[in-house]
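Trainee: Give the three-dimensional model of this entry:
(one chain, ligands or ions: 1)
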Amino acid sequence: MKKVLAPYMKVGFKDNKLYLGFGSIKKIIHDKFEQKLILEILACLKKPTDKSGILKSLMRKYENSEVLSKFVDEIFESPYVIDIGIYKREDRYSRNLLYYNLNKIDPLKVQHALESKHIVILGCGGIGNIASLLLSSLGVRHLTLIDDDKIELSNLNRQFAFCEKDVGFFKTDILKQAILDRNSSIQVDILKMKITTENVNTLPIADLVILSADSNGIVRLINEFSLKNNVPYLNIGYIQDIACWGPFVIPYKTCCFLCQNNLANQESDFELMNLVNLINQKNQVPSNGFVNTLAASFGVLDVVRYLGKFGQVMSYNKRIGLHTDSLKWEEQSWSKNPECVYCKQILEPIS
Ligand SMILES: [Zn+2]
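Mentor: Now for the predicted structure:
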């Protein structure tokens, strides 16, 4: 199999140390002999070649062919190289393919997986806007957008697919057009509806639901839908100024949302509850472009890792938050509860 040096591959020296690759693939080589050997192998790979081609051209210089062969093998297994024919600079997904290659996965496998998937985006606000644009840029085959809201001027601080001229129009209509402007090969369906107990079962059975709506009780409804229909979902959002995503629910494999009781309880004192309800009335979160962009980006990256089967999905069995005031990461454990009445109830055979 012929390979070529990956286009992102760079090397450099600092204080006599060879820096091999940058970013997460960086390695530091101290030994002079190894430095020269590796650089010569990489230089051979500036043109497409296979292992035997490199061995042939370097054999005369290196007496110990075993050492040479070992280094060639290691480099051929590393993300420093890419299969020939994958990277074409002008292709629309070429930079994404490089990113997958950097993540040590066959780039075409990831791309083909994405091009066969159907994702429901439930909620076309700040998170839904960015998630849709990201997914359309990745070439996901089919998106269903669900929302019944119209665009308001106050949405424009975070809902970047919308412009002033769109105010007053349905979010789903404008977002669909923005997706198609970006990538005309994607199938985009829209549903102008608010999800309720009565209509939740009319949702399409897709490969995944991104839950980016925040109406009361919506997570419970989607959790139930997910378990009944075996459809994974990921909740992406924010808590005030903390960008959050997770738990990523794969029915019966990971936790479900209700495996842990992380929700507020009702206080038995009627008077206190009245005060709580009064204070919480007309609550408005400071939703902005920063938290929406961060949460949507990290959430969609987990979705792509899951669908493309590479790297590590970070939000299984936990909710992850990035505090935008301190850049502190917080993880809220959401482990699978074997006694969870929701998972368990639905798992039992229907009599
Ligand atoms: Zn559960």
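Trainee: contacts, neighbours, all on C-alpha from now
Mentor: Fine.
Trainee: where does the stretch 251-351 of the chain have low pLDDT?
Mentor: Under the criterion of pLDDT under 70, the regions of the stretch 251-351 of the chain flagged as low confidence span 264, 345-351.
Trainee: Could you report the neighbour count for the nearest residue to Leu42 once chain neighbours are set aside?
Mentor: Of all residues beyond its chain neighbours, the one nearest Leu42 is Leu5 (6.7 Å), with distances taken as CA to CA, 6 or more residues apart in numbering. Neighbours of Leu5 under the rule other CA atoms under 10 Å: 24.
Trainee: got a list of what Leu5 touches?
Mentor: When the contact criterion is CA atoms under 8 Å, 6 or more residues apart in numbering, the partners of Leu5 are Leu42, Leu45, Lys46, Lys47, Pro48, Tyr80, Val81, Ile82.
Trainee: Closest to the centroid, which residue in this protein?
Mentor: Here the mean C-alpha position of the chain is nearest to the C-alpha of Leu301 (CA atoms, centre = their mean), at a distance of 1.7 Å.
Trainee: Could you tell me whether that residue really is in a helix?
Mentor: Yes: counting by DSSP: H, G, I helix; E, B strand; the rest coil, one finds Leu301 located in a helix.
Trainee: What distance do you get for it to Gly139?
Mentor: Separation of Leu301 from Gly139 (CA to CA, to the nearest Å): 14 Å.
Trainee: Val285: what secondary structure?
Mentor: coil.
Trainee: and the closest residue to it other than its chain neighbours, how many residues sit next to it?
Mentor: Excluding its sequence neighbours, the residue lying closest to Val285 (CA to CA, 6+ apart) is Gln240, at 5.7 Å. Taking other CA under 10 Å as the neighbour definition, Gln240 ends up with a count of 15.
Trainee: wait, what's in contact with Gln240?
Mentor: Val285, Pro286, Ser287.
Trainee: any idea which of these is the one closest to Ser94?
Mentor: Proximity of the contacts of Gln240 to Ser94, judged by CA to CA, is greatest for Ser287, which lies at 33.5 Å.
Trainee: so what's the closest one up against?
Mentor: Contact criterion CA under 8 Å, 6+ apart gives Arg158, Gln240, Asp241 as the residues in contact with Ser287.
Trainee: pLDDT of stretch 171-181, averaged?
Mentor: The pLDDT scores in stretch 171-181 average 98.
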